[in-house]
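> how would this look folded up:
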Amino acid sequence: MSDTIREYMNTKQAADYLGFSHQFLEIGRHKGYGPPYLKFPQAVKYRRCDLDAWAEQHLRQHTSEVA
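Okay, the predicted model is just below:
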């Protein structure tokens, strides 16, 4: 990805941004545990603000915290 982080990203760009595989996001969409996304007739897009918020929801201080 370029140095400029896009506001709207496709699945591969969003996966790269988060450090996951694109398959993780595709399965997460299907099973309902992935970040929020926008569904257009021929495209899926992720907003950077939604990816950041979703990642923050998974922030933990130690391993004994409930997920």
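> longest single strand anywhere in this protein?
strand 43-47 (DSSP state E).
> beyond that strand, next helix or strand please.
The C-terminal neighbour of strand 43-47 among helices and strands, as given by DSSP states H and E, is helix 48-57.
> quick check: mean pLDDT across that next one?
Average pLDDT, helix 48-57: 95.
> same thing with stretch 25-35?
On average, stretch 25-35 scores 96.
> quick check: residue 9 vs residue 41, distance?
Residue 9 is 18 Å from residue 41, where distance means C-beta to C-beta, to the nearest Å. Every residue, glycine included, has its C-beta placed from N, CA and C.
> which of the two has more neighbours?
residue 9 (22 against 4; other C-beta atoms under 10 Å).
> would you agree the more buried one is in contact with residue 25?
No - between residue 9 and residue 25 there is no contact under C-beta atoms under 8 Å: 10.1 Å.
> overlap in contacts of those two?
residue 46 (C-beta atoms under 8 Å, 6 or more residues apart in numbering).
> what about the helices in the protein?
Taking DSSP state H, the helices of the chain run over residues 11-18, 22-31, 48-57.
> so which of these comes closest to residue 64?
helix 48-57 (17.9 Å; C-beta to C-beta).
> tell me what angle the longest strand of the chain forms with helix 11-18.
20 degrees (axes from the mean of the first three to the mean of the last three C-alpha atoms, to 10 degrees).
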